[in-house]
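Q: kindly generate the corresponding structure for this input.
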Amino acid sequence: MEKKNKNIKSLREAINNIDEKLVKLLAERRKLSKEVVIVKDKDGKPIRDQQRETELLNKIIAIGKKHNLDSHFLTKIFYEIIDDSVRLQQKYLQNYKPENEAGILRIAIQGIEGSYSHLASTQFFAHNQEELIFLNKETFNDVVEAVEKGEADYAVLPIENTTSGGINEVYDLLLHTTLSIVGEEKFQVKHCLIGTGGSSLSKLTKIFTHYQGASQCSKFIAALPNCEITFYSDTAMSVKKIVEENNPSYGAIASEEAANLFNVKILERNIANQSENYTRFLVCSRKPKDVDLRIPAKTSLVMATSHTPGSLVDALSVFQKYHVNMTKLESRPILGNPWEEMFYLDFEGNMVDPVVRKLLEELGRYTRFLKILGTYPSKDIIKTEYKVFNDAGKIEPEENAKSKPEIPGTKLPEKSQKPKSYKLASREYKPDDTIIKVRDIIIGGDNFTVIAGPCSVESHEQIFSCAQEAKEYGAQILRGGCFKPRTSPYSFQGLGFEGLNELEAAGKTYDLPIITEVLAPDQVEAIARQADILQVGARNMQNFSLLKAVGRCHRPVMLKRGMMSSLDELLNAAEYILSQGNRQVILCERGIRTFETATRNTLDLSAIPVLKELTHLPIIVDPSHAIGQRDKVIPLAKAAKVVGAHGIMVEFHPEPEKALSDPDQALRFDQFEEMMRDLSKI
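A: I've put the predicted structure just below:
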């Protein structure tokens, strides 16, 4: 036993030594990043060289494979290092310096140490060398006034939350303040239920928290019917309150950091309605700051248009004219002007850019009020792309990707005299291709997306194995059926929500969006909380109640062509979804039934160029269901790319012969890898 403990001790010491070396190497790398940005600034070179980053990432992954390290693990570490390096270099160029001679950075926040504003501020100014001093204020108005009067250098204000939405009080303050937005921070909020020494969940009768915290944890609070909710000006102040009261029946909703700060215990962690709960904060100062053109930037403004039909459309059409992407549009009532709105708008662009200056000049012609709130570096950093190697172990040159052969039949048709029954899905309504973004994945346009995974989720081991394979070989989206419509009532019907939980966990582990089928209108809301894309299967293509239900949700929907449906019927089914407000529809050609019985279905590849003439919606091909035979899936997948499809959806399985659903059409892992290599050459 003593020898065993000694071995463990020596192993732990070895691990500690390696960890220490890793920390020193990271510090050394950060130091070099600082030196690099000084040279870049002097020579006027770009901050990022994404081609170099891609080559570096592929090189690291190739080295890692020799040491049995999977690409997902290495990519996660690489992204964190590049993210830190890019932010460090951007902060150097942006230079958030104090105005006072003492070299102390004074930051005004609403709340005290341990509040989310305090934590977000610490994260934003992490690369600053100056000492940080926080001015704790009771209200957002006090925060703004502290900077306006020169008491503080910066104000940090929460503007919106992914669960509870926009913070109206801050929006209204931005309209009237003289401050300019100079930065943004996105902070993950992890709410905890906190109590004092003798507290327990069953003893609580009163909970103190900020009203935003209560809104974001409303479902958890609803499960505690005997608890009175008392709003406090700040979450951390709520913790301070229960410490002062020292009553075991009092609790607070706040951060784990606040609990540690006041030395109290956490009764329950992660109690927010949404696990992915983020708050976006704005950093404001008295004077605007020019953003270096090498840094991706956003600009925020507030505008009011005339209260006449089409006035807002005329204003917003300016952004389309100059090809500038809007990232946010929020309306607020104009006080004193009933039924009139002020619009808060964020877009990707820099005030220093001549194109943006022209845009704003023209925008002024269509607005009766226009105020620029500020230009600032964007928090969103584009991830380096991981490309699969070709046979020579190299990345294909960008020129090859651009010189794709022109697909016949993709030109816009002449306007038809006869109106189509599917207006919203037609090219006449929207000439440009619809582009759908799911997390960082782009579907449509010139992109080719691979959706892959098992026909059905069967077990934890199976779906995690498939997720790792999909990620390792370049698939962008993970599929898996949880609710299975089967011809026979005795066939495997799927694991239901248990399977969806496993699919969601696998997607999160390997950073893959997930798609799964929804069968009934009453499932839509629950499944949409977990799945990134909802699938309406071939058997449900004309289930109009279901189409309307998915049309009212905010998730992208993949609509499969019915087994005996025409393209006109497919587009009219899509129209049901579009007409309900959801404009994120993906069409899927999965084969139709004909008199031919040699294969499961007949894959109608001619539908792809025809649909591209008729509609702006992205088109995906499912060769697995079309052919029903695994050895013929790969040629059909390659053919789908050649004729211009925007992607494919294929099935694979660790042991296809043992699959509980459609075993004959599931690819083996080595076949999937072969297919991905072949597709990369097209």
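
Q: going forward, measure contacts between C-alpha atoms and count neighbours the same way
A: OK.

Q: just say helix, strand or coil for Met558.
A: Here Met558 is strand, with the state taken from DSSP: H, G, I helix; E, B strand; the rest coil.

Q: mind checking how far it is from Cys588?
A: Using CA to CA, to the nearest Å, Met558 is found at 7 Å from Cys588.

Q: which one of these two is surrounded by more residues?
A: Each of Met558 and Cys588 has its neighbours counted (other CA atoms under 10 Å); Cys588 has more, 27 against 23.

Q: following the strand or helix carrying that one, which helix or strand comes up?
A: Element membership for Cys588, per DSSP states H and E: strand 585-589. Using DSSP H and E, the next helix or strand after strand 585-589 towards the C-terminus is helix 607-614.

Q: returning to that earlier point: the strand holding Cys588 packs against which elements?
A: Using 3 or more CA pairs under 8 Å, 6 or more residues apart in numbering; DSSP states H and E, the elements in contact with strand 585-589 are strand 557-560, helix 567-579, strand 619-621.

Q: buried set for that strand?
A: For strand 585-589, the neighbour count (16 or more other CA atoms under 10 Å) marks 585-589 as buried.

Q: adding distance to Ile634, write those out as CSV.
A: Listed next are these as CSV, based on distance: CA to CA, whole Å:
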residue, distance to Ile634
Val585, 26
Ile586, 22
Leu587, 21
Cys588, 17
Glu589, 16
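
Q: switch those over to a markdown table; also include pLDDT and distance to Lys420.
A: Shown next, in a markdown table, are these (pLDDT from 0 to 100; distance: CA to CA, whole Å):
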| residue | pLDDT | distance to Lys420 |
| --- | --- | --- |
| Val585 | 93 | 18 |
| Ile586 | 97 | 19 |
| Leu587 | 98 | 18 |
| Cys588 | 97 | 21 |
| Glu589 | 96 | 21 |
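
Q: nearest to Gly453, of those?
A: Distance to Gly453, by CA to CA, is smallest for Cys588 among the buried residues of strand 585-589, at 16.2 Å.

Q: I'd assumed His625 was in contact with that closest one.
A: No - using CA atoms under 8 Å, Cys588 is not in contact with His625; the gap is 11.1 Å.

Q: chain center to stretch 507-518: distance?
A: Chain-centre distance of stretch 507-518: 12 Å, with CA atoms, centre = their mean, to the nearest Å.

Q: from start to finish, how long is that stretch in a straight line?
A: 18 Å.

Q: give me the contacts around that stretch.
A: 72, 438-439, 467-468, 471, 476-484, 503-504, 506, 524, 527, 531-537 (CA atoms under 8 Å, 6 or more residues apart in numbering).

Q: now with 6 Å, please.
A: For stretch 507-518, the surrounding residues in contact (CA atoms under 6 Å, 6 or more residues apart in numbering) are 477-481, 531-536.

Q: just stretch 127-142 next, same as before
A: Counting by CA under 6 Å, 6+ apart, 104-112, 143 sit against stretch 127-142.

Q: can you tell me which of those residues are in helices?
A: In this view, these that belong to helices under DSSP state H are Val143.

Q: derive a PyMOL selection command for the buried subset of the contacts of stretch 127-142.
A: Entered in PyMOL, the line below selects the buried ones among those, by 16+ other CA under 10 Å:
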select buried, resi 104+105+106+107+108+109+110+111+112+143
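
Q: quick check, nearest of the contacts of stretch 127-142 to Gln89?
A: Out of the contacts of stretch 127-142, the member with the shortest distance to Gln89 (by CA to CA) is Leu105, at 19.4 Å.

Q: for that closest one, list each beta-bridge partner.
A: Leu132 (DSSP bridges).

Q: same deal with the one 5 residues further on?
A: For Gln110, the residues forming beta bridges with it (DSSP bridges) are Lys137.

Q: picking that back up, tabulate the contacts of stretch 127-142 (CSV), appending distance to Glu341 and pLDDT.
A: Output for the contacts of stretch 127-142, formatted as CSV (distance: CA to CA, whole Å; pLDDT from 0 to 100):
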residue, distance to Glu341, pLDDT
Ile104, 41, 88
Leu105, 37, 92
Arg106, 35, 94
Ile107, 32, 95
Ala108, 30, 97
Ile109, 29, 96
Gln110, 27, 94
Gly111, 31, 92
Ile112, 34, 92
Val143, 26, 97
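
Q: residues contacting Ala258?
A: So Ala258 contacts 114, 236 (CA under 6 Å, 6+ apart).

Q: got the buried residues for the one helix or strand it maps to?
A: Element membership for Ala258 (DSSP H and E) is helix 256-261. Going by neighbour count (16+ other CA under 10 Å), the buried part of helix 256-261 is 256-259.

Q: which of those residues sits closest to Phe595?
A: Taking CA to CA as the measure, Phe595 sits nearest to Glu256 out of the buried residues of helix 256-261, at 64.5 Å.

Q: state the distance from the spatially closest residue to the closest one that is not a sequence neighbour to Gln274.
A: Closest residue in space to Glu256, ignoring its immediate chain neighbours: Cys192 at 6.3 Å, by CA to CA, 6 or more residues apart in numbering. Remark: distance between Cys192 and Gln274 (CA to CA) = 13 Å.

Q: and if you look at Gly562?
A: Using CA to CA, one obtains 35 Å as the distance from Gly562 to Gln274.

Q: of the two, who's got more company?
A: Taking neighbours as other CA under 10 Å, Gly562 and Gln274 compare with Gly562 leading, 24 against 16.

Q: on that earlier part again, would CSV of the helices and strands packed on strand 585-589 with distance to Leu25 and mean pLDDT be doable?
A: What follows is the helices and strands packed on strand 585-589, written out as CSV (distance: least, CA to CA, whole Å; pLDDT from 0 to 100):
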stretch, distance to Leu25, mean pLDDT
strand 557-560, 45, 96
helix 567-579, 53, 94
strand 619-621, 45, 97
